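In: prediction below, plus the sequence it came from.
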Amino acid sequence: MAHGLQVLAFTAPGATLLPHFIGEVFISFLELSCTFLAEVHSGDTLYTALTITDLEPQRDNGVVVTAATIHNQRGELVLSGQHKYLLRRQ
């Protein structure tokens, strides 16, 4: 069985396509939360998704909130969580 933090690592911005979409405006990774919902075993295939759920404008910056999910090869939700990123406004 894989440790939950190993599974959580699949939601990191660098492990997803998020950096390709946000480009040079990334300032920092502010916060994360997650719930581990099912076991992950060696040999499982994991599918990660980050979905923007909220935009919080600030003066020169803004916070982007994403839902983070991971499903296994059987379509079972194994992790559900949330990330917050601070981005430079353009």
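Out: Sure, I can see it.
In: could I get the phi/psi values of the residue lying farthest from the centre of the chain?
Out: Taking Cα atoms, centre = their mean, the residue of the chain most remote from its mean C-alpha position is residue 59, at 24.6 Å. Backbone torsions of residue 59, given as degrees, to the nearest 10, read phi -60, psi -80.
In: strands of the protein, residue ranges please.
Out: 26-36, 46-57, 61-72, 77-88 (DSSP state E).
In: any idea how far the shortest one is from the middle of the chain?
Out: The gap between where strand 26-36 is centred and where its chain is centred comes out at 7 Å by Cα atoms, centre = their mean, to the nearest Å.
In: who does it pair up with?
Out: If you go by DSSP bridges, strand 26-36 pairs up with strand 77-88 (antiparallel).
In: for the partner strand, which positions count as buried?
Out: 78-79, 81-87 (16 or more other Cβ atoms under 10 Å). (Each C-beta comes from the backbone N, C-alpha and C, glycine too.)
In: could I get the average pLDDT for stretch 53-66?
Out: Averaged over stretch 53-66, pLDDT sits at 93.
In: contact partners of that stretch?
Out: By Cβ atoms under 8 Å, 6 or more residues apart in numbering, the residues outside stretch 53-66 that reach it are 18, 22, 27, 30, 50-52, 67, 82-89.
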